[in-house]
Every structure is written in structure tokens, then in C-alpha cells.
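Engineer: Can you look at this prediction? I've put the sequence above it.
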Amino acid sequence: MKLAFIGLGVMGFPMAGHLAKAGHSLAVFNRSPEKAIRFVEAYGGVACRSPGEAAHGCDFVMMCVGDDHDVRSVAGQALDELAPGGVVVDHTTASAKVARELAERAAAAGKVFLDAPVSGGQAGAENGALTIMAGGDPGAFARAEPLMRAYARNIRLMGPSGAGQLTKMCNQIAIAGLVQGLAEAQHFARRADLDPTEVYEAISKGAAQSWQMDNRWATMAEGRFDYGFAVDWMRKDLGLVLEEARANGATLSVTALVDQLYADVQKMGGGRWDTSSLVKRLEE
């Protein structure tokens, strides 16, 4: 099979690297050409000058780009050049609307578009331990799943086109409220003159335990936020969530509040800080 990977950012670069380490030769494209060149130097393959060039004649194109606009632009070029029956697997967190739109466009051309956003962050991408929630054609998903196993441990088809993006929205809703809860717990502990480390040891083995607590509590206590999933990215995701909620009638009071709390962090200059920086807002 001929494969391409488009978008070699903090997620896409290691994901594509796992495909290369699994024995696949990739055509790659990135908006900043130096990243594509660096990838080829590390893993081989071919650095291309456009998404269309990378996708030309490919059976599968994986992509991980920025937002709806990027998805439309890149996927449109890829679909034009993809081999007949080829599949675009979009790992971007985008809207369900754009997923459905591109699935229809692909089907009209005898090709397939799968929305397949990921969860697990940069560490999950680097360790090949991502979770993928997909929407689209079951046959195409079955063909793509063995490839995605190179960088994901948990892969699930959630339903028709758009279902993957809707599931990712559920993921972000759950995380937003949880991180604010952790921030408030840690803030309260400090005001109560408790040692945050001791508090973690006391509560992290019971009902309060979570991935966020295990992986972010210590760095929150240390005031380290220069890594991880950026506040700017979270606000983009929550914007998609709230837009969808307005359309389907869901009531997301806590999510809307946390979105505004992240806006405060952006005003503090923390747009590129990890999402756990909500605690810094409380401390300051």
C-alpha cells in the first residue's frame, strides 16, 4: 500500500514515525517544510511540496492538522489525488459538520473519508498509546484499523460520519470539568495549609482518582505548564463543543464556564500553557 501523512506537528510527527517504524514508506507533507525534511531524515520516505503531491496515488492518507478550514483544504486536495477506493483518515479534532461534508464529497468520487480524532496527547502519540474514536464507513474503518494500530491502543468505530468528532467532544467536556475540579482542590488545599503531595497520596487511590490527577497534580503543584495540551487548542475544541450543543440542545453549563476560565488564562499570557494551568488562574 502507498501511504501519506499530512501534518507533522507534536502529534502527527510521532504518529507518522510509528507507521515508518512498522515498515511503511511514507510520503509526507507539512505546512512548514523543515518538519517534513526532518521527518525524512529520521525515518525515510519522501517530503512533498503539497498535500496533493503527498496523496497522489495513495491507498491511505492520514492527516492531523489544525481546524475545519485546514481539514477542508488539505482533505480536498488529498481526495483529488487519492487512488480509486482510497481512504482519508482525519485525526484532526474538527467539527462533525465538516466530517459529514467531506464524507459526502469522498463518496461521490468513489473514495472514503473517516473522521478519527485522537485522545492521549503528545505522550500518547510518542508512546503509540492513543485512543481513536472514528466515524464513517465500517468497511473502510476495518481496512484502516491495522494501520492505526501502529500508534493507538484503543480504537473504536462510533457510528456514521461525524460520530468520531462527536465522541471527541464528549471527551473534551469530561476533561474540562475535571481539570477545573483538580485546580480547585489544589487551591483549597493550599489555603487550608495542607501539603499538596500528601493530599495527592491520600485521595488518589479512591473515588477522586483520574488520569488527569495522576499525570498533572504534581506539575500543577510545581507551577509547571510549559508542555502538554495548550489552552489555545482546548478553547478551539470547546468552541466546537459549544457550537454543537447549541445545535442539538444540550445543556453544558460547566463546559461553558470552564471555556471562559480558559479565556482568563489566555489573557494572562497562557495560551500555550498546558490545560492544567487553570490552577494558576486561581492562585493569581
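Structural biologist: Nice, I can see it.
Engineer: Going by C-alpha atoms from here, please, whenever you check contacts or count neighbours.
Structural biologist: Noted.
Engineer: Can you tell me the centre-most residue of the chain?
Structural biologist: V118 (4.5 Å; Cα atoms, centre = their mean).
Engineer: Now do the SS call for the residue lying closest to it once chain neighbours are set aside.
Structural biologist: Spatially, and ignoring its direct neighbours in sequence, V118 is nearest to I132 (4.6 Å; Cα to Cα, 6 or more residues apart in numbering). Per DSSP: H, G, I helix; E, B strand; the rest coil, the secondary structure class of I132 is strand.
Engineer: Surely I132 touches S119?
Structural biologist: Yes. Contact criterion Cα atoms under 8 Å: I132 and S119 qualify, at 6.6 Å.
Engineer: What number of residues are in the vicinity of R153?
Structural biologist: By other Cα atoms under 10 Å, 14 other residues sit near R153.
Engineer: F60 pairs with what?
Structural biologist: L3, V87 (DSSP bridges).
Engineer: going forward can the numbers begin at 19, since that is how I track them
Structural biologist: Noted, 19 is the first residue going forward, which turns the last one into F78.
Engineer: Can you tell me how far it is from V106?
Structural biologist: Using Cα to Cα, to the nearest Å, we find F78 at a distance of 6 Å from V106.
Engineer: Between these two, which is the more surrounded one?
Structural biologist: The neighbour comparison of F78 against V106 (other Cα under 10 Å) goes to V106, with 30 against 26.
Engineer: right, and that one touches F131 too?
Structural biologist: Yes. Under the criterion of Cα under 8 Å, V106 makes contact with F131 at 4.8 Å.
Engineer: what about I173, helix or strand, and which?
Structural biologist: I173 belongs to strand 170-177 when elements are defined using DSSP states H and E.
Engineer: List the buried residues in that strand.
Structural biologist: Buried residues in strand 170-177, counted by 16 or more other Cα atoms under 10 Å: 170, 173, 175-177.
Engineer: mean confidence for the strand or helix carrying A236?
Structural biologist: Using DSSP H and E, A236 sits within helix 229-240. Averaging pLDDT along helix 229-240 yields 96.
Engineer: I'd like to know which of the buried residues of strand 170-177 is nearest to C188.
Structural biologist: Distance to C188, by Cα to Cα, is smallest for M176 among these, at 12.1 Å.
Engineer: And P214, how far from D244?
Structural biologist: The gap separating P214 from D244 is 20 Å, by Cα to Cα.
Engineer: Run through who's touching the strand holding I173.
Structural biologist: Outside strand 170-177, the residues that touch it by Cα atoms under 8 Å, 6 or more residues apart in numbering are 143, 146-154, 156, 159, 163, 166-167, 182, 185.
Engineer: Buried ones only from these, please, as a ChimeraX command.
Structural biologist: Here is the ChimeraX command that selects the buried residues among the contacts of strand 170-177 (16+ other Cα under 10 Å):
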select :143,146,147,148,149,150,151,152,153,154,159,163,166,167,182,185
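Engineer: Give me the subset of the contacts of strand 170-177 that lies in strands.
Structural biologist: Among these, the members found in strands (DSSP state E) are 148-153.
Engineer: Can you list the residue ranges for strands in this protein?
Structural biologist: 21-24, 44-47, 64-65, 78-81, 105-108, 130-133, 136-137, 148-153, 170-177.
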